[in-house]
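Chemist: here are the coordinates; sequence isn't available:
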């Protein structure tokens, strides 16, 4: 069967001497793997459309588990991301999240638009960490890992929210704070930010200025929640952590 889709390359793998297998996250049919024959050859007309983070129109034939590319045209190469170490590191994390948390051939049109917008935001020099946190929240919601952010996860109160408990799965109020000694304290500003992450459409994201100490706290909160409820090892996150550790 032949498919014509708009997709973003979220993973690439060498296949044989001159070929690649790319994983596309598409608007129409979700995630799918496609063989791009000759993509590794210098003069291949398909080498550019098989690069990570490329957004394009792809035409392929699929008869089994893999598709075979027949034609492709680039919509956005996102070369500015690939040329920058920090941007490519964050984009790789976003792409790996998409690849690891979503099943094959499950269409998510809104999430596709959010991924495209997140890559565009990275290319446009918007805050890489904040863009990533917003996308993390979007894909958690889509994959069924959404934290409770409006009401106390223990008693259901919608006021006096003062902390976030990864173990309990969301925000907690002052009365329930003692039920989790490892819960992270939340300032009103941080509470507003994590709620914003859940409802923000990345396509409408402007410039957001967040204090460094607040960003550090948000990073720890988001990573703790991911490790507790998702727990998937992420090579790209390990690379980001090494960059943080050595101040790259």
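Modeler: Received the coordinates, thanks. Just so you know, these numbers come straight off a predicted model, no measurement behind them. Residues are numbered from 1 along each chain as shown.

Chemist: How much space separates residue 21 from residue 39?
Modeler: The spacing between residue 21 and residue 39, counted by CB to CB, to the nearest Å, is 9 Å. Backbone N, C-alpha and C define where each C-beta goes, glycine included.

Chemist: Tell me which of the two has more neighbours.
Modeler: residue 39 (23 against 18; other CB atoms under 10 Å).

Chemist: if I read this right, that one contacts residue 17, doesn't it?
Modeler: No. Assessed by CB atoms under 8 Å, residue 39 is found out of contact with residue 17, at 11.2 Å.

Chemist: who's in contact with the residue nearest the centre of the chain?
Modeler: Centroid-nearest residue in the chain: residue 94, 2.9 Å away (criterion: CA atoms, centre = their mean). Under the criterion of CB atoms under 8 Å, 6 or more residues apart in numbering, the neighbours of residue 94 are 115, 118-119, 132, 135.

Chemist: Can you tell me which of the residues you listed are buried?
Modeler: Among the contacts of residue 94, those scoring as buried are 115, 118-119, 132, 135 (criterion: 16 or more other CB atoms under 10 Å).

Chemist: in the lengthiest strand in the chain, what's buried?
Modeler: Longest strand in the chain, counting residues (DSSP state E): strand 2-15. By 16+ other CB under 10 Å, the buried positions in strand 2-15 come out as 3, 5, 7-12, 15.

Chemist: show me where the chain has helices.
Modeler: Using DSSP state H, the helices of the chain run over 79-82, 85-101, 109-123, 128-143, 188-199, 212-229, 235-245.

Chemist: and which of the buried residues of strand 2-15 is nearest residue 171?
Modeler: Residue 171 lies nearest to residue 10 out of the buried residues of strand 2-15, by CB to CB, at 31.1 Å.
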